[in-house]
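Asker: Give me the fold of what follows.
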Amino acid sequence: MKRLYLPLCEEERTSLKAGEAVLLNGEIYTARDAAHKKMHEAIAKGEELPFDIHDAVIYYVGPTPAREGQAIGSAGPTTAGRMDPYTPQLIELGLRGMIGKGRRSQAVKDAIVRNRAVDFVAVGGAGALLSHSISAREPVAYEELLAEAVTKLTVKDFPCFVGIDCEGNDIYDSDECVPGRQEL
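Answerer: Next up is the predicted model:
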């Protein structure tokens, strides 16, 4: 398992291969459907985004409220494909990583390859476990969206897999990308 520190430089991103297990460390942003729509509208109006998108990683998550003494509640990934209408534009503006679950559209894959970005996959159904890798949560924008608001998370050894690498190899398209999958 490879330990990575965010933001990832281009050399680190291009060294990743689909199916590779990684541990992410650093700052990531949360955004789901409603936040992506608001960001898309802001771009269309010529307004700035609520955070610096350059080299950022967005986690598609709508966490539950935190219990006392915790930074966050359960924080499992949302289906990434729901953000596909907005993702290519964000990648073109400098987004270099996404974390979610499930397949991505061809338009997203093409943007990943053109911009040397990477799509990470977090394990669905493991939100309580994933929350233990999140040490801090800070509101950023769109607080009226509640769980779907944009927040900044500090993560330590956040476990995921490379879903789509910079060359366009997709964990969902090939048995070769997942060690041991052929035997399943």
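
Asker: just checking, what packs against the helix or strand bottoming out on mean pLDDT in the chain?
Answerer: Every helix and strand in the chain was compared by mean pLDDT, DSSP states H and E; the lowest is helix 127-131, with a mean of 91. Helix 127-131 sits against no helix or strand, with contacts defined as 3 or more Cβ pairs under 8 Å, 6 or more residues apart in numbering; DSSP states H and E. Every C-beta, even on glycine, is put in place using the N, C-alpha and C of the backbone.

Asker: Check which residues of that helix are buried.
Answerer: 127, 130-131 (16 or more other Cβ atoms under 10 Å).

Asker: now swap in stretch 110-118 and tell me
Answerer: Going by neighbour count (16+ other Cβ under 10 Å), the buried part of stretch 110-118 is 111-113, 115-118.

Asker: Return the subset of the residues you listed lying in strands.
Answerer: Among those, the members falling in strands (DSSP state E) are residue 118.

Asker: Can you tell me which of the buried residues of stretch 110-118 is nearest residue 80?
Answerer: Of all these, residue 112 has the smallest distance to residue 80: 11.7 Å, by Cβ to Cβ.

Asker: gap between that closest one and residue 52?
Answerer: According to Cβ to Cβ, to the nearest Å, residue 112 and residue 52 sit 20 Å apart.

Asker: Dump the buried residues of stretch 110-118 to a markdown table, plus distance to residue 167.
Answerer: What follows is those, written out as a markdown table (distance: Cβ to Cβ, whole Å):
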| residue | distance to residue 167 |
| --- | --- |
| 111 | 14 |
| 112 | 9 |
| 113 | 7 |
| 115 | 13 |
| 116 | 9 |
| 117 | 11 |
| 118 | 10 |
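
Asker: Which member of the buried residues of stretch 110-118 is positioned nearest residue 159?
Answerer: For the buried residues of stretch 110-118, the residue nearest residue 159 by Cβ to Cβ is residue 118; the value is 15.3 Å.

Asker: which stretches of the chain form strands?
Answerer: Going by DSSP E, the chain shows strands at 2-5, 21-30, 57-59, 97-100, 118-121, 134-141, 150-164.

Asker: so where's this protein shaky on pLDDT?
Answerer: For the chain, applying pLDDT under 70 flags the ranges 175-184.
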